[in-house]
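Student: Predicted model, plus sequence, below.
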Amino acid sequence: MPLELEPAEYNLGGSLTYRIEEVEQGRKFKVHFINLPGASGSFKGYLNLKTNYEEMPVINIRVNSNIRDS
């Protein structure tokens, strides 16, 4: 069964944004995190993704970031 991902919870919306790239349809994904303009400092948070797999309904990705001023 192909994997389907759907964003559920994300708590770093004021500092980082993200996008999900499907590398291999229904099998491989990459999550890219991008710092927002003006954001700086250390951030800890998470991104939860809902799946269509009963045995693993949620994937939790922990995010640790240190953004320095340019």
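Tutor: That came through fine. Only a predicted model underlies this, so the values are computations on that prediction, with no experimental measurement involved. Numbering: from 1, shown residues only.
Student: Which secondary structure element is home to Glu54?
Tutor: Here Glu54, judged by DSSP states H and E, is contained in no helix and no strand.
Student: any idea how far Asn35 is from it?
Tutor: 35 Å (CB to CB, to the nearest Å). Backbone N, C-alpha and C define where each C-beta goes, glycine included.
Student: Look at the two and report which has more neighbours.
Tutor: Asn35 (15 against 7; other CB atoms under 10 Å).
Student: Confirm for me that that one is in contact with Asn66.
Tutor: No. Contact between Asn35 and Asn66 fails when scored by CB atoms under 8 Å: they sit 10.1 Å apart.
Student: Got phi/psi on Gly26?
Tutor: Backbone torsions of Gly26, given as degrees, to the nearest 10, read phi 70, psi 10.
Student: From the structure, what's the count of residues near it?
Tutor: 12.
Student: Could you do Leu3 as well?
Tutor: Leu3: 17 surrounding residues under other CB under 10 Å.
Student: same thing with Ser15?
Tutor: Ser15, neighbours per other CB under 10 Å, totals 19.
Student: Now do the SS call for the closest residue to it other than its chain neighbours.
Tutor: Of all residues not flanking Ser15 in the chain, Ala39 sits nearest, at 4.4 Å (CB to CB, 6 or more residues apart in numbering). Secondary structure, DSSP: H, G, I helix; E, B strand; the rest coil: Ala39 is coil.
Student: What's the local residue count around Ala39?
Tutor: Residues near Ala39, counting by other CB under 10 Å, number 16.
Student: in stretch 5-16, what's buried?
Tutor: By 16 or more other CB atoms under 10 Å, the buried positions in stretch 5-16 come out as 10, 12, 15-16.
Student: Same question for stretch 57-70.
Tutor: Within stretch 57-70, the residues that count as buried by 16+ other CB under 10 Å are 59, 63.
Student: gap between it and the chain center?
Tutor: Counting by CA atoms, centre = their mean, to the nearest Å, stretch 57-70 is centred 8 Å from the centre of its parent chain.
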